[in-house]
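Engineer: missing the sequence, but the structure's below:
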């Protein structure tokens, strides 16, 4: 019984940060100089994610301004995710 | 001899200021380690993103405060505790930031005195 308790007492884990962002806007940094801002609809432990109202920024070394792409609903595969951060307004 | 295994070591870093170096883009994240899990994903607070770039053979360092972040495990090269030397660097960065009134800091790192620790 005590073992059960200790496992419950385990401090929060990194994925909880993402869980708290459900239905909130986040920024996701991806491989290949890309970032996506969007409203988090869902995710799993691989960081596969579904974002709505998403705006993708593609950075190019030669251009100062990133290229942008809008999508209403997008699935992001977890293996290209580098980091996830809430958007502080 | 007492051993320190990876998982207990990571747990011992929770609540401390750490530096996480990524495998790509010469990027580091300096912040307070909030939590870690079995994948060794990391959650950092008050994070500063530090990117080292080389322009015309001169090493440059740009840093930006990005707040609370989740770092996916596969991107991590290493994590280590912040030492005094790094603290000076972080202070320097903040000072420059105040002068500019801008969150983006770019400063030159003199070659030879490079602070990048590849071997650590």
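Structural biologist: Received the coordinates, thanks. As the structure is a prediction and not an experimental result, all values here were calculated from the model.
Engineer: Tell me the spacing between residue B:11 and residue A:13.
Structural biologist: 12 Å (CB to CB, to the nearest Å). Just so you know, the C-beta spots here come from the backbone N, C-alpha and C atoms, and that holds for glycine as well.
Engineer: shared neighbours, those two?
Structural biologist: Residues touching both residue B:11 and residue A:13 (CB atoms under 8 Å, 6 or more residues apart in numbering or on different chains): residue B:36.
Engineer: who does the closest residue to residue B:25 other than its chain neighbours bridge with?
Structural biologist: In space, and not counting its chain neighbours, residue B:25 is closest to residue B:51: 6.6 Å by CB to CB, 6 or more residues apart in numbering or on different chains. Counting by DSSP bridges, residue B:51 forms beta bridges with residue B:27, residue B:62.
Engineer: which residues touch residue B:51?
Structural biologist: With CB under 8 Å, 6+ apart, residue B:51 has these contacts: B:25-28, B:61-63.
Engineer: try 7 Å
Structural biologist: B:25-27, B:62 (CB atoms under 7 Å, 6 or more residues apart in numbering or on different chains).
Engineer: If any of these are buried, put those into a ChimeraX selection.
Structural biologist: In ChimeraX, this line selects whichever of these come out buried by 16 or more other CB atoms under 10 Å in any protein chain shown:
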select /B:27
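Engineer: how about the residues of chain B near chain A?
Structural biologist: Within chain B, the positions adjacent to chain A are B:35-37, B:41-43, B:66-72, B:75 by CB under 7 Å from any CB of the partner chain.
Engineer: Is chain B within reach of stretch A:27-45?
Structural biologist: No - if you take CB under 7 Å from any CB as the test, stretch A:27-45 misses chain B, and the best it gets is 7.6 Å.
Engineer: Can you list the buried residues in that stretch?
Structural biologist: Buried residues in stretch A:27-45, counted by 16+ other CB under 10 Å: A:27-30, A:34-41, A:43.
Engineer: now the residues you listed as CSV including secondary structure and distance to residue B:4?
Structural biologist: Supplementary listing: these in CSV, determined by DSSP: H, G, I helix; E, B strand; the rest coil; distance: CB to CB, whole Å:
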residue, secondary structure, distance to residue B:4
A:27, strand, 35
A:28, strand, 33
A:29, strand, 31
A:30, strand, 34
A:34, strand, 37
A:35, strand, 36
A:36, strand, 38
A:37, strand, 40
A:38, strand, 40
A:39, strand, 42
A:40, strand, 36
A:41, strand, 41
A:43, strand, 33
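Engineer: Pretty sure residue B:85 sits in a strand.
Structural biologist: No - secondary structure of residue B:85 (DSSP: H, G, I helix; E, B strand; the rest coil): helix, not part of a strand.
Engineer: How many neighbouring residues does it have?
Structural biologist: 9 (other CB atoms under 10 Å in any protein chain shown).
Engineer: any idea how far it lies from chain A?
Structural biologist: 25 Å (CB to the nearest CB, to the nearest Å).
Engineer: Repeat that for residue B:5.
Structural biologist: Separation of residue B:5 from chain A (CB to the nearest CB): 18 Å.
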